[in-house]
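Q: sequence below, structure please.
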Amino acid sequence: MSAMNSTQEVLDNKEPTIGKWVCQLFIAEGVIGILGNLLVCLVILRVKFLHNMTNYLLVNLAVADMLLCLYNIFSGLLYNDDCKIIDYVHKSFGEKVVFCRFLQSPFLSWVFSYASAYNLCVVTLERYVAIVHPLQYARKLTATRMKILIALIWMISFLFSLPFIFRLQPSKDPDLACSKIEYQDNTFHILLGVFAFCSVYLLPLTLMSWAYYKIQVTLKRQAKALNLRHARAAAYDLVIARQRLVSMLTIVLGALIILWTPADTSVLFCLHLPDKGPFSFCGSQGFKYFKGIANCMFYFNSVINPIIYE
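A: Below is the predicted model:
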């Protein structure tokens, strides 16, 4: 996942034509993702009958995905050798610190990745309460509580991403802006990789899978109860609604599993692409190609989210 490493780190290979191709794909995904998510925000905010809790949560999800796509473009144009068009000159050591710690490092990319994952969880939570506990919906999901929950999502996203500012530092070489922070062993990167895998991938996927399962069980039970009461028309309508919802949920979960798994698995095993690490293949050229493809797949999820939730 490009959120997991800087694009430059992923595309550092001996064949610049391949690097340029992958870099251009990153930027194309970023542009499409920004336009799609921006359109979602504008439509929901301008059309009054769309002003409801579910759609406000989708706006927040679209904002997170849009920022992730924007960072994708920024990282490619500013500090990727294969498609860089801007040479930023650092006038002071303080500017170098900010640039290396917060911009060229994967910190912001992780912030937006966490926010996107946890916003998906909140959207799922809202659907879960609406279907499984409809009588408690108005009491449990008040506007104030949802605002607090959204604020917590962004706070947690920043907090969980803070360790990534300790991967790059200002370079002592006047010709280089940043350099990697060298640790005596791989303990920091291994622990960070495990934490990131569990918090940004395993936890959201587990929560959403559980909620989707409960939603399907509840809808099936409701349809059966209506059928027993001979309310066949209502039962039929509920079955149709269930089929539509199940189809959407299947697409959501399927997209997450297919598009997130390669990138998040690579983070678990090879967070920092070492030449010498816990696994010998982490520093191989083949793995760098795999990492680039996995990053493209991860970003593609932010591109298709507006289509899935349309």
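Q: quick one: buried residues of stretch 26-42?
A: Across stretch 26-42, burial judged by 16 or more other CB atoms under 10 Å covers 26, 27, 29, 30, 32, 33, 34, 36, 37, 40, 41. C-beta: built from backbone N, CA, C; applies to glycine.
Q: in contact with the fourth one: list those residues for me.
A: Contacts for residue 30 were tallied using CB atoms under 8 Å, 6 or more residues apart in numbering; they are 69, 70, 72, 73, 76, 299.
Q: surely it is within a helix?
A: Yes. Assessed by DSSP: H, G, I helix; E, B strand; the rest coil, residue 30 belongs to a helix.
Q: tell me which stretches of the stretch 101-250 of the chain form strands.
A: Here the stretch 101-250 of the chain has its strands, by DSSP state E, counting those that start in this stretch, at 168-170, 178-180.
Q: quick one: average pLDDT of the last one?
A: Confidence over strand 178-180, taken as the mean pLDDT, stands at 77.
Q: what do you get for stretch 22-33?
A: The average pLDDT within stretch 22-33 is 85.
Q: check stretch 266-274 too.
A: Average pLDDT, stretch 266-274: 74.
Q: what stretches of the stretch 201-310 of the chain score poorly on pLDDT?
A: In the predicted model, the stretch 201-310 of the chain carries pLDDT under 70 at residues 223, 226-243, 272-279, 310.
Q: of the buried residues of stretch 26-42, which belong to strands?
A: Among the buried residues of stretch 26-42, DSSP state E puts none in strands.
Q: closest one of those residues to residue 186?
A: residue 26 (27.2 Å; CB to CB).
Q: what's around the nearest residue in space to residue 101 that is not next to it in sequence, how many residues?
A: Closest residue to residue 101 apart from its sequence neighbours, by CB to CB, 6 or more residues apart in numbering: residue 165 at 4.4 Å. Residue 165 has 18 neighbours, counted by other CB atoms under 10 Å.
Q: now residue 78
A: 18.
Q: that one and residue 99: what is the separation?
A: 9 Å (CB to CB, to the nearest Å).
Q: just say which of the strands of the stretch 101-250 of the chain is most tucked in.
A: Comparing the strands of the stretch 101-250 of the chain by mean neighbour count (mean count of other CB atoms under 10 Å), strand 168-170 ranks first with a mean of 20.
Q: who touches that one?
A: 6, 93, 96-97, 100-101, 104-105, 177-181.
Q: for that strand, what is the distance to the chain centroid?
A: Computed by CA atoms, centre = their mean, to the nearest Å, the separation of strand 168-170 from the middle of its chain amounts to 25 Å.
Q: and it, what's its mean pLDDT?
A: On average, strand 168-170 scores 79.
Q: neighbouring strands for it, and are they parallel or not?
A: Listed by DSSP bridges, the sheet partners of strand 168-170 and their directions read strand 178-180 (antiparallel).
Q: can you give me the helices in the protein?
A: 7-10, 16-46, 53-79, 93-98, 107-132, 137-140, 143-161, 187-197, 203-228, 232-269, 285-308 (DSSP state H).
Q: I'd like to know which of those is closest to residue 171.
A: Closest to residue 171 of those, according to CB to CB: helix 93-98, at 7.6 Å.
Q: and that closest one, what does it pack onto?
A: The contact analysis (3 or more CB pairs under 8 Å, 6 or more residues apart in numbering; DSSP states H and E) places helix 93-98 against strand 168-170.
Q: ok so, going back, need the strands of the stretch 101-250 of the chain in JSON lines with distance to residue 110, can you?
A: JSON lines is the format used below for those (distance: least, CB to CB, whole Å):
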{"stretch": "strand 168-170", "distance to residue 110": "13"}
{"stretch": "strand 178-180", "distance to residue 110": "17"}
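Q: follow-up on the earlier one: widest-spaced pair of the contacts of strand 168-170?
A: Greatest spacing in those, by CB to CB: 6 and 93 (20.7 Å).
Q: who has more neighbours, those two?
A: Each of residue 6 and residue 93 has its neighbours counted (other CB under 10 Å); residue 6 has more, 20 against 8.
Q: tell me the confidence at the more buried one?
A: 46.
Q: same question, residue 55
A: 86.
Q: contacts only, for it.
A: Contacts of residue 55 (CB under 8 Å, 6+ apart): residue 44.
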